[in-house]
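# Predicted coordinates and the sequence they were generated for:
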Amino acid sequence: MRIFTVILLLATSAMAADTTTPRDLAPATFCQGQYALCIKAPCDPIVSRNRDGSYSIKEANCSCDVLTGWSMGPGSCEKRQPTTVSGRTFLISTYSNFYNRANLTLSCPSASTVWAWCYGAACVIDEKDPSKAVCTCPTKISAAMTLGGGCRTQACTSIWSAATPANAAFANDYFFKYATQNGLKPPPNPPAKDCPATTTTTTTSAQ
């Protein structure tokens, strides 16, 4: 039965992740097809008014890229297929390391960083530019890592699609290892490198 299950998953282009997958990323299924990739996407906050009259930002609209290939995400491959309703095409945001070769990982270590968690978020393809999709993602407040921001530390004050350091490290490493071990094509990019550390040089004048 186990052998049959593996063959079935391979035949349907769906490969489940192992038990070490972090809770926020589970289940992590590999599928080949169209998906939205958000890991470097800039986001606009969605402001909501609470019952007590105060305001909060619980979600953000992120500008993501629409790609075709292997990606890792929640749910079965069948359920992740794009769906067209009333002329608009909907899909979900999943993860791949497509950007890893050209982009570096920006670390935003402040516990007050506001960022968007787009893994599994609902998206709609832009009617005017089908290479883009708007994904509505819940916001979180904690230290985060993103491929967006161009390694500018001041970019951490804006909202980016990002992940916790633990989830970012897992996704980076796991996607590369899994794709390599299973011969997925095209060959995966290696894990993204970190942005260079910024240093401040202080000049002390002679007394």
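Perfect, thanks for sending it.

# residues contacting the nearest residue to residue 165 once chain neighbours are set aside?
Sequence neighbours aside, residue 145 is the residue nearest to residue 165 in space, at 5.5 Å (criterion: CB to CB, 6 or more residues apart in numbering). Backbone N, C-alpha and C define where each C-beta goes, glycine included. Taking CB atoms under 8 Å, 6 or more residues apart in numbering, we find residue 145 in contact with 105, 106, 107, 108, 162, 163, 164, 165, 168.

# what's downstream of the one helix or strand residue 145 maps to, the next helix or strand?
Per DSSP states H and E, residue 145 falls inside strand 144-146. On the C-terminal side of strand 144-146, the nearest following helix or strand under DSSP H and E is helix 165-181.

# So which helix or strand of the protein has the lowest pLDDT on average?
Taking mean pLDDT, DSSP states H and E as the measure, the helix or strand of the chain with the lowest value is helix 2-11, at a mean of 31.

# where does the protein have low pLDDT?
1-21, 26, 198-207 (pLDDT under 70).

# ok, the residue most central in space within it to residue 50 distance?
Residue closest to the mean C-alpha point of the chain, counted by CA atoms, centre = their mean, is residue 39 at 3.6 Å. Distance, residue 39 to residue 50, by CB to CB, to the nearest Å: 30 Å.

# do the same with residue 185
Distance of residue 185 to residue 50, given as CB to CB: 49 Å.
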